[in-house]
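K.L.:
For reference, the sequence and a predicted model appear below.
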Amino acid sequence: MSETDTIEKFPEAKEVSSEQIAEFIFSKPPQEPCTIQIFADENDDEYIFQLLLNIFMEGLAKNYNNLDNIDLGKFSENFDKHIPILEKFIHSVGFNLKIEKLDRTNENKEHFDDYYCRVGLRQVDWFDFQRLHIEKNYHFFVNHRNIFRDLAGVQNVNPIVRTCLPDYYAIFYNQGKVYKIGFSHYKFNKANVVSDMAEKKMAEKFN
């Protein structure tokens with residue numbers, strides 16, 4: 001972090017749309033970790049996950065022609081290329097991006113069956129997009145087990161228990177693969193950054 005870096009405070013996240021927040025974040029090159037504050041005192045991990053996932057997808061859309069008619073055959077190759085860049089943007093708002101790619105097999109199902117939502121694309125889930133009148137080129141289909149998380153035993157559905165942000169993740173199916181998309185808090189102490197900036201200023205005075 002350089003001496004000119006500051007903590008940019010975005011308006012309270014719940015007062016603006018995720019698209020507006022994403023536009024603000026992606027309007028310039030990736031900033032240093034934790035230099036953009038989009039949450040004031042937010043302890044709702046579910047809401048944080050939802051917003052971060054929206055920001056991630058908006059960033060992905062910027063790299064994939066708004067997710068319109070993308071080449072799914074080359075998705076894996078292009079996806080892996082863009083992840084390091086998107087990760088820097090997620091770092092700038094104080095979080096880590098975690099992507100895990102698994103084979104879509106019954107043996108691996110236990111590793112992705114507790115997903116919070118599935119990312120759907122218009123060109124893949126065309127019927128559902130039409131039926132639900134979805135205008136964007138992507139949509140989040142919530143895991144039905146989330147609906148019964150407070151009603152244990154209803155219709156023989158085992159509710160999913162989540163206690164922290166890393167417990168939330170989305171999945172995306174493509175070409176026999178499952179992509180798990182999750183987030184965690186970036187390990188950061190603002191006091192350390194301020195101290196680091198002060199030390200750099202002092203060092204310059206003696207150089």
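P.N.:
Thanks, I have it. Only a predicted model underlies this, so the values are computations on that prediction, with no experimental measurement involved.

K.L.:
Which residues are in contact with residue 48?
P.N.:
39, 42, 95, 165, 183 (CB atoms under 8 Å, 6 or more residues apart in numbering). Heads up, the C-betas are built off the backbone N, CA and C, glycines and all.

K.L.:
ok, now residue 178?
P.N.:
101, 102, 103, 104, 108, 112, 171, 172.

K.L.:
buried subset of the residues you listed?
P.N.:
112, 171, 172 (16 or more other CB atoms under 10 Å).

K.L.:
Output these as JSON lines; include the columns pLDDT.
P.N.:
As requested, these are exported to JSON lines (pLDDT from 0 to 100):
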{"residue": "112", "pLDDT": "91"}
{"residue": "171", "pLDDT": "97"}
{"residue": "172", "pLDDT": "95"}
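
K.L.:
Show me which of the contacts of residue 48 are buried.
P.N.:
Buried among the contacts of residue 48 (16+ other CB under 10 Å): 39, 95, 165, 183.

K.L.:
now, among the contacts of residue 178, which is nearest to residue 121?
P.N.:
Taking CB to CB as the measure, residue 121 lies nearest residue 172 of the contacts of residue 178, at 8.2 Å.

K.L.:
what residues are up against the closest one?
P.N.:
Residue 172 neighbours (CB under 8 Å, 6+ apart): 118, 119, 178, 179, 181.

K.L.:
so the last one sits in a strand?
P.N.:
Yes: when the secondary structure is assigned by DSSP: H, G, I helix; E, B strand; the rest coil, residue 181 falls within a strand.

K.L.:
what's the neighbour count on residue 131?
P.N.:
9 (other CB atoms under 10 Å).

K.L.:
Do you have the strands of the protein handy? List them.
P.N.:
For the chain, applying DSSP state E gives strands covering 8-9, 36-37, 95-103, 117-121, 138-142, 169-174, 177-185.

K.L.:
Tell me which of the ones you listed sits nearest to residue 161.
P.N.:
That would be strand 169-174 among those, by CB to CB, at 14.1 Å.

K.L.:
Can you give the strand pairings for that closest one, parallel or anti for each?
P.N.:
strand 117-121 (parallel), strand 177-185 (antiparallel) (DSSP bridges).

K.L.:
what stretches of the chain score poorly on pLDDT?
P.N.:
1-15, 40-42, 147-159, 188-207 (pLDDT under 70).
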